[in-house]
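A.B. asks: give me a model of this one.
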Amino acid sequence: MPLSRYAICVTLCHGYAHEVKDARPSTQPRRARNIARDAVRAHVTAVAIDLFDSHGFENVTIEQIAEAAEISRRSFHRYFAAKEDVVVGDSAPMGELVLAALLQRSPQEPEWISLCESFIHMFATVDADVERGKRTVRIMAGTPSLRARNLEKHLLWAEKLTPAVEQRLTGQHRKLRAQAIVHASLACLDVSLATWAHSSDTNVEDILRQSFAAINAAPS
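C.D. replies: Presented below is the predicted three-dimensional model:
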């Protein structure tokens with residue numbers, strides 16, 4: 001089943017619950033606790049995004065978020081280590097999702113197309129609030145500390161994706177070429193999200209394909 005996500009992309013990786021089919025009674029209490037925890041994270045995230053959008057990320061304190069969400073500061077830190085984590089969240093699960101999709105693509109398919117379709121698979125696997133997702137992307141783009149976190153996400157994803165692309169290449173300088181291809185694909189992802197966030201279009205997949213199409217397929 002799809003991962004239930006609060007907003008699109010790894011920049012918006014928070015407030016979600018993995019839907020796992022497991023009928024064993026012993027797992028039910030833990031699963032219920034996880035669902036409850038995810039519901040609280042999603043609530044706090046929604047409140048925080050509204051505050052960031054209205055007042056600016058730097059002008060909103062953790063205390064204000066906690067008060068608006070009707071929780072204590074201590075409870076806030078049970079779910080988020082820092083204010084930035086409310087927006088950026090944990091990018092690792094989405095990176096693994098993209099990598100898994102890439103590894104399932106045909107090795108005969110050009111790696112540039114495979115990367116594009118793997119990102120599209122990520123979007124197709126999330127259930128998102130589109131308008132709040134756009135607001136989240138705009139908040140991140142307008143906040144230096146969040147842009148820095150996004151760069152960290154790119155580096156983490158690149159570490160995962162580069163070896164998978166490298167093994168599909170032939171010829172010399174495979175690692176260098178794989179790094180260039182992966183980082184270029186992440187740049188296309190960023191451009192696509194920024195364009196989507198400032199447009200009336202709800203379909204980020206079409207924008208992503210247009211962005212990738214603007215660059216000639218990377219040579220194998």
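A.B. asks: CA only for contacts and neighbour counts going forward, please
C.D. replies: Noted.
A.B. asks: now I71: which helix or strand?
C.D. replies: Secondary structure from DSSP states H and E places I71 outside every helix and strand.
A.B. asks: who's in contact with it?
C.D. replies: Counting by Cα atoms under 8 Å, 6 or more residues apart in numbering, I71 touches no other residue.
A.B. asks: look up how far R41 lies from it.
C.D. replies: I71 sits at a distance of 11 Å from R41 (criterion: Cα to Cα, to the nearest Å).
A.B. asks: hey, what's in contact with both of those two?
C.D. replies: In contact with both I71 and R41: no residue, using Cα under 8 Å, 6+ apart.
A.B. asks: wait, isn't L189 in contact with I207?
C.D. replies: No - in this structure, L189 is not within contact of I207 by Cα atoms under 8 Å, at 9.3 Å.
A.B. asks: so those two - more neighbours on which side?
C.D. replies: Counted by other Cα atoms under 10 Å, L189 and I207 do not tie: L189 has more neighbours, with 22 against 19.
A.B. asks: which parts of the chain are strands?
C.D. replies: 3-4, 126-127 (DSSP state E).
A.B. asks: by mean pLDDT, show me the worst of those.
C.D. replies: If the strands of the chain are sorted by mean pLDDT, strand 3-4 sits at the bottom with a mean of 31.
A.B. asks: same for the longest helix seen in the chain, what does it pack against?
C.D. replies: Identified as the longest helix of the chain according to DSSP state H is helix 28-55. Using 3 or more Cα pairs under 8 Å, 6 or more residues apart in numbering; DSSP states H and E, the elements in contact with helix 28-55 are helix 62-69, helix 83-88, helix 130-141.
A.B. asks: list the helices and strands the longest one packs on?
C.D. replies: If I follow you right, that is helix 130-141. helix 28-55, helix 83-88, helix 144-166, helix 174-197.
A.B. asks: before we move on, back to that, of all the helices and strands packed on helix 28-55, which one is nearest K153?
C.D. replies: Ranking the helices and strands packed on helix 28-55 by their distance to K153 (criterion: Cα to Cα) puts helix 83-88 first, at 8.9 Å.
A.B. asks: now the closest one, how far from the chain's geometric center?
C.D. replies: Helix 83-88 sits 12 Å away from the centroid of its parent chain (Cα atoms, centre = their mean, to the nearest Å).
A.B. asks: same check on stretch 131-147?
C.D. replies: 12 Å.
A.B. asks: now stretch 139-157
C.D. replies: Stretch 139-157 sits 11 Å away from the centroid of its parent chain (Cα atoms, centre = their mean).
A.B. asks: any chance of the helices and strands packed on helix 130-141 in a markdown table, with mean pLDDT and distance to R132 too?
C.D. replies: Converted to a markdown table, those look like this (pLDDT from 0 to 100; distance: least, Cα to Cα, whole Å):
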| stretch | mean pLDDT | distance to R132 |
| --- | --- | --- |
| helix 28-55 | 82 | 8 |
| helix 83-88 | 88 | 11 |
| helix 144-166 | 91 | 17 |
| helix 174-197 | 95 | 10 |
